[in-house]
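**Student:** Would you be able to build a 3D model of this:
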Amino acid sequence: MKQILITGASKGIGLAIARRFYADGYKVLICARGQAGLDTAKAEMPNLVTYVCDLSDKSAVKALATTVNAEHGTLDVLVNNGGVFLPGQLHSEDDEIFEKLIATNLFSAYYLSKALLPNMIAAGKGTVVNMCSIASITAYSAGGSYSASKFGMHGFSKSLREEMKPKGIRVIAVLPGATLTDSWAGANIPEERFIPAEDIATLVHTAVHLSPRSVVEDIVIRPQLGDL
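**Tutor:** Presented below is the predicted three-dimensional model:
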């Protein structure tokens, strides 16, 4: 049975990806900060494997990787999806905002990938999917540290892709625009202005299941009516 680990997957895009691969017969492993969301997901998908992990905590991320390697061995797919959005501006936001967003949105993907890739490298196959953002390629006045973290995530994806090419491992960067998730709660914007999370899941599933001779390097998807 093929195996996938998705971070930040108790809701939103991560949960949509989990549902898509679960329906396809994968052993699906997910993590999130809160147990309640994981329990809800598992009630829907009984064979789901769940872990509590605060992705902003380096030691917790490394412990998760150790557990996954010990209990499940080699993954077929790693989806670095976990992240947090806080609006702000670099010149005025608190230092702690920058540190939290960089740790959660970028460092977690670095530490987790570094710990889980050796098994993929030994197998000579696998796919890493990094959830970037339109904010990875477009600067916004209120993007602040979030944009910085997502620009970093895109650069991380590009560099890792070059390193993994000769090892048979594909690295895919996904750059969604405004997607209907809890990040937009209370925004008072019509639902039809957002990308459905299920569309992101479909694109990820399709990209993963191409021939190993092909790689979709960047997936850029925006709301049909344009960015918000």
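**Student:** Only C-alpha atoms from now on, for both contacts and neighbour counts.
**Tutor:** Fine.
**Student:** Do a quick rundown of the helices in the protein.
**Tutor:** Here the chain has its helices, by DSSP state H, at 12-23, 35-44, 58-72, 95-102, 108-123, 144-164, 197-208.
**Student:** any idea of the mean pLDDT for the second one?
**Tutor:** In other words, helix 35-44. Helix 35-44 shows a mean pLDDT of 98.
**Student:** do the same with the last one
**Tutor:** Model confidence over helix 197-208 averages 98 on the pLDDT scale.
**Student:** How about the fourth one?
**Tutor:** Across helix 95-102, pLDDT averages out at 97.
**Student:** Given the longest strand seen in the chain, what are its sheet partners and their directions?
**Tutor:** Criterion DSSP state E: the longest strand present in the chain is strand 169-176. Based on DSSP bridges, the pairing partners of strand 169-176 within the sheet are strand 126-131 (parallel), strand 218-221 (parallel).
**Student:** ok, Asp95 - how many residues close by?
**Tutor:** By other C-alpha atoms under 10 Å, 11 other residues sit near Asp95.
**Student:** how close does it sit to Gly88?
**Tutor:** Distance of Asp95 to Gly88, computed by C-alpha to C-alpha, to the nearest Å: 11 Å.
**Student:** likewise Ala36?
**Tutor:** In this structure, Ala36 and Gly88 are 29 Å apart, going by C-alpha to C-alpha.
**Student:** Compare the two and say which one has the larger neighbour count.
**Tutor:** Each of Ala36 and Gly88 has its neighbours counted (other C-alpha under 10 Å); Gly88 has more, 19 against 12.
**Student:** Touching, the more buried one and Ala148? I think so.
**Tutor:** No - assessed by C-alpha atoms under 8 Å, Gly88 is found out of contact with Ala148, at 11.1 Å.
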